[in-house]
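# Provided below for reference: sequence and predicted model.
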Amino acid sequence: MTELLTSPLFAITAVLAAYQLALWLYEKSNRLVWLHPTISGALLVAALLVLLDIDYHRFSDAAYWLTFWLGPATVALAIPLYQQWHLIRKMAGPLLLTLIAGAAFACLSAVAIAWYLGGSETTLLSLSAKSVTTPIAIGISESVGGLATITASAVILTGIVGIVFVNLTMKLCRIDDDRIWGFCLGLSAHAIGTARAFERSPVAGAFSSLALCLTGSYSAVFIPLALQWFR
Amino acid sequence: MKLSGLITLLLFHLLGEAIVQLTGLFIPGAVVGLLLLFITLLIRGQLSGELEQSSKTLIGFLPLLLILPSAGIFFLGENFNDQWLAFAGAIVAGTILTLVFCALLMKLMVRQHD
């Protein structure tokens, strides 16, 4: 039976079913932030694994066929980036400076706080890419010596914190401009933030997608370089 | 069903991986593929409908693809028990600080820019 429970057939069926159920829950709850399909789907899969006493890593390996698509999905981000190129060019200066300083701040603040709170080296390295969209973050984390599972979890938690606190922080900073609202949320909270930005306005969504792509590409170069320099 | 969009994405991913293998770059191959595809699109100045559709579909499935890595948060192991404070503290405080930092910085620059 263990054979079957850790087979690709079972693993992929279970994840797809969890996703479908999670999507239904999310729509039923009127898109409650805490029930985002990634969050509720992960909870459902985790519950199943605990209930049936299945090893997470064996299960995860079995569903490799699904995880594989994260690579092409990353490449696919080139298309929205290309489509929004005319918006970038118009504001290139402020966008690039915010990107360069903000993405560095996102990485270094997390590493510094975790270090202050007594985190291990692996934890610090895994947190470095927390504001980057998952497919890129996992690649960065593995290249600097972090763990993919910790990084994936850090990225998801970052997204949730971002959308929960975005209203409060933007009000605090007196931001009404949708371009700023979207870009900052996409930079800090990647894809989950971008989905939230589209709920505010198309402009906020466009600028958030932009930040998502730019932060991912820039961090892929910046984080390994910065961490190499620190060592 | 046409596969040309999907094949384009896979080919650029492959190209990215090949470049990473050949040069020993520490950037993920998929990111190199993203940048190459973006540059190619800029040079060509046009986007095929099939590529746009494939991209939209794959990006739309991101929440599904992220479920399994996310579930890993519950299986970080007993070794991770003493890391939770640092982990959660860094994420909550770091993310809020990043939002404020970016917002203030960008507000300042957009005001000067406009």
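It's in. Numbering: from 1, shown residues only, chains lettered A, B, ... in the order given.

# what's the following helix or strand after the helix or strand containing A:A22?
Here A:A22, judged by DSSP states H and E, is contained in helix A:8-28. Tracing the chain C-terminally past helix A:8-28 and defining elements by DSSP H and E, one meets helix A:37-51 next.

# tell me which residues in that following helix are buried?
Neighbour-count burial for helix A:37-51, with 16 or more other C-beta atoms under 10 Å in any protein chain shown as criterion, is recorded at A:37-46, A:48-49. Just so you know, the C-beta spots here come from the backbone N, C-alpha and C atoms, and that holds for glycine as well.

# and the average pLDDT for the top helix by length along chain A is what?
Of all the segments of type helix in chain A, defined by DSSP state H, the longest one is helix A:202-230. Within the predicted structure, the mean pLDDT of helix A:202-230 is 84.

# next up, phi/psi of A:S7, please.
Note on A:S7: its backbone torsions stand at phi -90, psi 150 [degrees, to the nearest 10].

# residues contacting the closest residue to it other than its chain neighbours?
Distances taken as C-beta to C-beta, 6 or more residues apart in numbering or on different chains place A:A62 nearest to A:S7, at 6.0 Å, with adjacent residues excluded. In this structure, A:A62 makes contact with A:6-8, A:10-12, judged by C-beta atoms under 8 Å, 6 or more residues apart in numbering or on different chains.

# which of the residues you listed ranks first by neighbour count?
Within the contacts of A:A62, A:A11 tops the neighbour count with 23 neighbours, counted by other C-beta atoms under 10 Å in any protein chain shown.

# contacts only, for B:T40.
Neighbouring residues of B:T40 by C-beta under 8 Å, 6+ apart: B:F12.

# which helix or strand contains A:T151?
Taking DSSP H and E as the definition, A:T151 sits inside helix A:148-172.

# that helix - contacts with which helices or strands?
Counting by 3 or more C-beta pairs under 8 Å, 6 or more residues apart in numbering or on different chains; DSSP states H and E, the packing neighbours recorded for helix A:148-172 are helix A:37-51, helix A:121-127, helix A:134-144, helix A:178-200, helix B:67-71, helix B:84-113.

# give me that answer again for 7 Å
Under the contact criterion of 3 or more C-beta pairs under 7 Å, 6 or more residues apart in numbering or on different chains; DSSP states H and E, the helices and strands touching helix A:148-172 comprise helix A:121-127, helix A:134-144, helix A:178-200, helix B:67-71, helix B:84-113.

# of those helices, which is nearest A:P72?
Of all the helices and strands packed on helix A:148-172, the one in closest proximity to A:P72, counting by C-beta to C-beta, is helix A:134-144 (9.3 Å).
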